[in-house]
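A.B. asks: Got a predicted model here, sequence first, then my questions.
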Amino acid sequence: MSLPVYKRILLKVSGEALMGNRSYGIDPIVLNEFADEIKEVHDLGVQIGIVIGGGNIYRGVDAVAEGIDKVVGDQMGMLATVINALALQSVLEKKGVMTRVQTAIAMEQIAEPFIRRRAIRHLEKGRVVIFAAGTGNPYFTTDTAAVLRAIEIGADIILKGTRVDGIYDSDPEKNPNAVKFVQISYLDILKLNLKVMDLTAITLSRENNIPIIVFNMTVPGNLKRIVLGENIGSKVVYKVEVSQ
Ligand code: UDP
């Protein structure tokens, strides 16, 4: 049996990934599939932190368009991530995976507040920790929250689950000739203005030299394959070491 190459991972799941084919909200089938993927990796003994987005329910940018104050809109977006976190928690626990939700905005009747040392303790005990409410601050994204939490908990890697299978030089859903990067540096993402993560998230990950793998989370088994060391998706690193 092969062994996992990572001891502790931070999985970033975007809110949009949870929508499936719906135009908003949570697709219960997709949620279930994601939970199965996570359980598979948990069964290998890998410690798992998860940052979940909220774009399937609410986005700060939409708020402004609707005449809502930007900061209020961002707060609504952060609350949306809590809804997703609770849904994922519930489904994971039904499958026998012990979890904790920690929120960056205090709501103690619902979840624990984010306490770094406590999060690490949960991970050591084999509980999946779902970090909700982003960074707790407006003007940030859950991608930045993912990088921040990954660094704080000392994760080996950030795994960004999306609906495409990696980072391309142009949008593969629009351009059939788009070329995929096997590896790419943080700086090239910034230089080429690729929409992998927002600038704050990329900068923070570069400053702390934490690698990121962008992969297709909708393909069953992909998460496990990555954890077992298969080269899937695109890896963001300080210095590219492979020929593309
Ligand atoms: N958000 C925020 N601060 C954070 C994280 C998120 O204000 O630290 C808000 C922001 O309005 C964002 C929304 O929450 O649009 C949902 O998060 P995001 O768009 O990152 O979710 P995803 O794209 O991953 O679904």
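C.D. replies: Good, I have the coordinates. Computed from a predicted model, the values in this text were never measured in an experiment.
A.B. asks: Return the list of helices and strands in contact with the helix or strand of the chain with the lowest mean pLDDT.
C.D. replies: The helix or strand of the chain with the lowest confidence, counting by mean pLDDT, DSSP states H and E, is helix 60-65 at a mean of 79. Packing partners of helix 60-65 (3 or more CB pairs under 8 Å, 6 or more residues apart in numbering; DSSP states H and E): helix 70-94. In short, each C-beta sits where N, CA and C put it, glycine included.
A.B. asks: In terms of secondary structure, what does the helix it packs on contact?
C.D. replies: helix 28-43, strand 47-52, helix 60-65, strand 99-103, strand 128-132.
A.B. asks: ok so, going back, how distant is the least confident helix or strand of the chain from the center of its chain?
C.D. replies: Taking CA atoms, centre = their mean, to the nearest Å, the mean C-alpha location of helix 60-65 is offset from the chain mean by 22 Å.
A.B. asks: ok, now stretch 183-191?
C.D. replies: The answer for stretch 183-191 is 19 Å, by CA atoms, centre = their mean.
A.B. asks: what does that stretch contact?
C.D. replies: Defining contact as CB atoms under 8 Å, 6 or more residues apart in numbering, one finds that stretch 183-191 is touched by 167, 194, 196-197, 199, 202-203, 205-206, 234-242, 244.
A.B. asks: Let me know the average pLDDT across it.
C.D. replies: For stretch 183-191, the mean pLDDT works out to 96.
A.B. asks: Can you dump the C-alpha atoms of it in PDB for me?
C.D. replies: What follows is stretch 183-191, C-alpha atoms only, in PDB (Å, rounded to 0.1, in the frame of the first residue of the first chain):
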ATOM      1  CA  GLN A 183       4.500  23.800 -12.400                       C
ATOM      2  CA  ILE A 184       4.500  27.500 -12.300                       C
ATOM      3  CA  SER A 185       6.100  30.000 -10.000                       C
ATOM      4  CA  TYR A 186       4.300  32.500  -7.800                       C
ATOM      5  CA  LEU A 187       6.000  35.300  -9.700                       C
ATOM      6  CA  ASP A 188       4.900  34.000 -13.100                       C
ATOM      7  CA  ILE A 189       1.300  33.900 -11.900                       C
ATOM      8  CA  LEU A 190       1.600  37.500 -10.900                       C
ATOM      9  CA  LYS A 191       3.500  38.500 -14.200                       C
END
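A.B. asks: ok, and for it, which residues are buried?
C.D. replies: Gln183, Ile184, Tyr186, Ile189 (16 or more other CB atoms under 10 Å).
A.B. asks: what's the residue of the chain most remote from its centre sitting at in phi/psi?
C.D. replies: Most distant residue from the mean C-alpha position of the chain: Gly67, 28.9 Å away (CA atoms, centre = their mean). Note on Gly67: its backbone torsions stand at phi 90, psi 10 [degrees, to the nearest 10].
A.B. asks: how close does it get to the ligand?
C.D. replies: As judged by CB to the nearest ligand atom, to the nearest Å, Gly67 and the ligand stand 15 Å apart.
A.B. asks: What residues does that residue make contact with?
C.D. replies: Contacts of Gly67 (CB under 8 Å, 6+ apart): none.
A.B. asks: rewinding a little: check whether the least confident helix or strand of the chain contacts the ligand.
C.D. replies: Yes. Helix 60-65 lies within reach of the ligand by CB under 6 Å from any ligand atom, at Gly60.
A.B. asks: contacting residues around that helix?
C.D. replies: Here helix 60-65 makes contact (CB under 8 Å, 6+ apart) with Asp69, Lys70, Val72, Gly73, Asp74, Met76, Gly77, Pro138.
A.B. asks: any idea how far the second one is from the ligand?
C.D. replies: Taking CB to the nearest ligand atom as the measure, Lys70 and the ligand are separated by 8 Å.
A.B. asks: what does the fifth one give?
C.D. replies: Note on Asp74: its distance to the ligand, by CB to the nearest ligand atom, is 3 Å.
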